[in-house]
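1. I would like the atomic coordinates for the input below:
(2 chains)
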Amino acid sequence: MDDSMSPEEFAQVLRAKAHWVWLETLAVHRRAPETRIASSLSSVEIFTALYYGGVLRFDPKAPLADERDRCIISKGHGSICMYPILADLGFFPVEELQRVCHSGSFLGGIPDPVIPGYETINGSLGHGLGVAGGVALALKRQGKDRAVFVVTGDGELHEGANWEAIMFASHHRLDNLNLVVDDNEISMLGRTAQIVSHVSLVKRLEAFGWDCAEVDGHDVVAVTAAMQRMKIAAAGRPKALVAHTLKGHGVPGLEGADLCHIMNPKPEVIDRLLEARS
Amino acid sequence: MSAVRPIAMRDALLDRVWRAMSTDDRVFFVSADFGSPVLDRIREQFGDRFVNVGIAEQNLINVTAGLALEGYKVFAYAIAPFITMRCFEQVRVSLALLSQVRPMNVSLIGVGAGYSYVVSGPTHQCYEDLSVMRALPSVTVYSPADHVTTAALFDRCLGERGIKYLRLDAQVLPPIYDAAPPDVGAGFHVLRQGEHVVLVATGYMVHTALKAAERLAAAGLSVGVVDLFDLGGFAAERLRTVLARYAGIATLEEGFRGRGGLDAMLFEFAARRGLGVRMLNFGVEPGYRFELGTRGELHEQVGIGIEAVCRGVSSFAAEVRAAVGAQPECQAG
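-> Residues are numbered from 1 along each chain as shown, chains lettered A, B, ... in the order given. Presented below is the predicted three-dimensional model:
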C-alpha cells in the first residue's frame, strides 16, 4: 500500500481488495468445484490483511528470499483465496487461475509448496504450527529479524501435535511466532463446539503462555491493525490472534451451515454473486 | 584381539556430531528427551544449537523440518520405534514430501534396533522400522552393524541433502571393522566368501551371520557373509555381481519376517536383476511376544537365534547343493 494514503483511504482500499478476493475465490471455485469454498471464504480477510495490509514482507519475484517474513499456511484446503492473491501480486501469471485443478496445473484442490508463495506442505492438518515453531527457533538462533506467521483453522487445533508446538513455542519464548486462527467454528462434520469443544481458545492459549487477541475476522481493517500490533509485540511470548469468522461467508445457503465444508453452492448462485464483478 | 575399543553406536555418532558442531555452525541437534554422556557435551558446549523438545516426537519432527528449512543440518534423536512410528505422518509430510521441493538435510537417529532394549518388551523393541521407513521413497535407511560403520555413515549424513534414517543398536557391540571402515559408498561389504550359499544380513544380525558362518565352517560348510547397511542406496550392480556367485541367499534381519523389510528387498532385487537363486529368510516370527529373556534367548524363540540360523542354513545349503548338482542332469535329460 502507498505510504501517502490516509488511514481512511487505506481502509477503503483494503475493504475493496477483500471484496475482490472474495469474488475471485468464488470464480476459482466456479471453475474448479473440487476446491473447498466454505473454508476459503472464512479466511479471505485474514489473507488479504497479511498480503495487502503491509503485514508481511515478501517479494513475488523471489518467493523464498531470505529477507521475507515466513507465512506458513496450515489450513491448506481453506486457503484457495490465496490463489487470486498470489496471482494478483505477481507470484505467478494470472492465467494460471483458469487452470485450477486441471492436468498439468500447479494449483490443486489442496495447495502444495510447488506453488510460488507457499512455504510448506499444507492440507494434512496440524503440521504447520510445529514446523513454524522450528522456523521461528532457527530465525531466533540465527539472530534474524523476520516474523513467522502461521494460519490454522479451529478444527485443525484438534490435532494434538499443535499443542506440543504451543507448549514448545512459549517455553522457548518465540515472540517472533504469530498464530492466526481462522475460528469459523465448523469442521467437516459439524460445529467444533459440539464435536470436541475448545471452550475458549483464548483462555487455553493464554494458559499455555501465549499472548492472545481476538478480532472480527471479516473486518479486514481490524484484522490488519491487530496483525500489525501482533507482529511488533516482542514480550518474550508467542502471540495468537483468534479471528472470529463465518464459514462460507457471504454465500446464501452456505454461510454458517453445519455441513458447509463439504457443500458446493449451486453454479447459478455463484453466477449471481459474480455479476457484481463487472 | 580387536584394535578398536567397542563403544555404543550412538556414542560413536554423537562424538562425530559434537566434532562437526565445533567447526560447522549449521549443525543443529534436536532430542526427544533422550540422552547419552556424549550428548551432555553437546548440550553444554553448543546450547544454542541444541534443543530438547520433551517427550513429543511429533513436534520433534516438525521442529526439525522448520530448522532444516532455515538451512540447518539437523540431527533428530529418539528411541527407534518412537522416531519412526510415533510420528510417521510428520516424517512423511514434513520431511519426506517437503524435502522433494525444498533443500533439507535431516538425519533421524533411532536408537534401539530390534531387540536391543532386551527387557523393555515390544513397546521399546523395534521390528517394523525397516519396512515402514523403506516405504518412503525419499528417505535413505542406514542399518549399521557396528560403531565403525556408524561413524563412517555420519559423513554421508552430514554431507548429503535429503532425509536419512539411522537405525542404531542400543547395546555395545564388538566392532566388525576393526582394521578399516567399510566403503559406505557401496552400501554393503563382503565379510566372508563361501560356496553356494551367502548370508545377507543387516544390523545386529551381521554378528549372528558371522558366528553362524564360523560354526558352519568348522562343520565343513563354507558360506559367504554380506553386511548390507544401506537399504536402498547400495551399489546395485556390484551387489548383483557378488550375489551372482551363489545359488542360495539367506537374509537375516532383526525385524518381522515377510513384512516388507530386508527379505522383501532381496526378493525384489533378485527378481529384478535376474538372479535365479533360492531364498531363505530369517526374520522375527510375526507377532508380539512378552516373554523375558536374554537377547540370544529371545532370538531363538522368534527364529533368528544362532542355533536356528545354523540349523536352517545347513539344510538350506544341502537343498541348494542338491539343486546345483542336479541341474546338469536335468539339462542333459
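
2. just how off-centre is the helix or strand A:Glu8 falls within within its chain?
-> Using DSSP states H and E, A:Glu8 sits in helix A:7-31. Distance of helix A:7-31 from its chain centroid, counting by Cα atoms, centre = their mean, to the nearest Å, is 14 Å.

3. and the helix or strand that it is followed by, average pLDDT?
-> On the C-terminal side of helix A:7-31, the nearest following helix or strand under DSSP H and E is helix A:38-41. Across helix A:38-41, the average pLDDT comes to 97.

4. now do stretch B:47-60
-> pLDDT averaged over stretch B:47-60 gives 97.

5. how about that stretch: buried residues?
-> Neighbour-count burial for stretch B:47-60, counted by 16 or more other Cβ atoms under 10 Å in any protein chain shown, picks out B:49-53, B:56-60. Any C-beta I mention is one placed from the backbone N, CA and C, and that applies to glycine too.

6. before we move on, the earlier item: who touches the helix holding A:Glu8?
-> A:1, A:5, A:35, A:37, A:40-41, A:44-45, A:47-49, A:52-53, A:80-81, A:83-85, A:88, A:97-98, A:100, A:220-221, A:224, A:249-251, A:264-265, A:267, A:270-271, A:273-274, A:276-277 (Cβ atoms under 8 Å, 6 or more residues apart in numbering or on different chains).

7. can you say which of these are buried?
-> Buried among the contacts of helix A:7-31 by 16+ other Cβ under 10 Å: A:35, A:37, A:40-41, A:44-45, A:47-49, A:52-53, A:80-81, A:83-85, A:88, A:97, A:100, A:220-221, A:224, A:249-251, A:264-265, A:270, A:273.

8. take these and keep only those in helices.
-> A:40-41, A:44-45, A:47-49, A:52, A:83-85, A:88, A:220-221, A:224, A:270, A:273 (DSSP state H).

9. interface residues of the stretch 51-200 of chain A facing chain B?
-> Residues of the stretch 51-200 of chain A found near chain B (Cβ under 8 Å from any Cβ of the partner chain) are A:112-114, A:119-121, A:124, A:127, A:129-139, A:141-142, A:160-161, A:164-165, A:167-168, A:172.

10. ok, 6 Å please
-> Applying Cβ under 6 Å from any Cβ of the partner chain, we find that the stretch 51-200 of chain A lies next to chain B at A:113-114, A:121, A:124, A:127, A:130-131, A:133-135, A:138, A:141, A:161, A:164-165, A:168.

11. which of the residues you listed has the weakest pLDDT?
-> Across those, the smallest pLDDT goes to A:Ile121, namely 87.

12. contacts only, for that residue.
-> B:93, B:97-98 (Cβ atoms under 6 Å, 6 or more residues apart in numbering or on different chains).

13. what's the answer for A:Gly130, then?
-> Contacts of A:Gly130 (Cβ under 6 Å, 6+ apart): A:161, A:165, B:59, B:62.

14. mind exporting the stretch of helix or strand it belongs to as CSV, just the C-alpha atoms?
-> Element membership for A:Gly130 (DSSP H and E) is helix A:128-141. Extracted in CSV, the C-alpha atoms of helix A:128-141 (Å, rounded to 0.1, in the frame of the first residue of the first chain):
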residue,chain,number,x,y,z
GLY,A,128,2.0,-26.0,10.2
LEU,A,129,2.4,-24.8,13.7
GLY,A,130,5.1,-27.3,14.6
VAL,A,131,7.1,-26.5,11.5
ALA,A,132,6.6,-22.8,12.2
GLY,A,133,8.0,-23.3,15.7
GLY,A,134,11.1,-24.8,14.2
VAL,A,135,11.4,-22.0,11.7
ALA,A,136,10.9,-19.4,14.5
LEU,A,137,13.5,-21.0,16.6
ALA,A,138,16.0,-21.1,13.7
LEU,A,139,15.5,-17.4,13.0
LYS,A,140,16.0,-16.6,16.7
ARG,A,141,19.1,-18.6,16.9
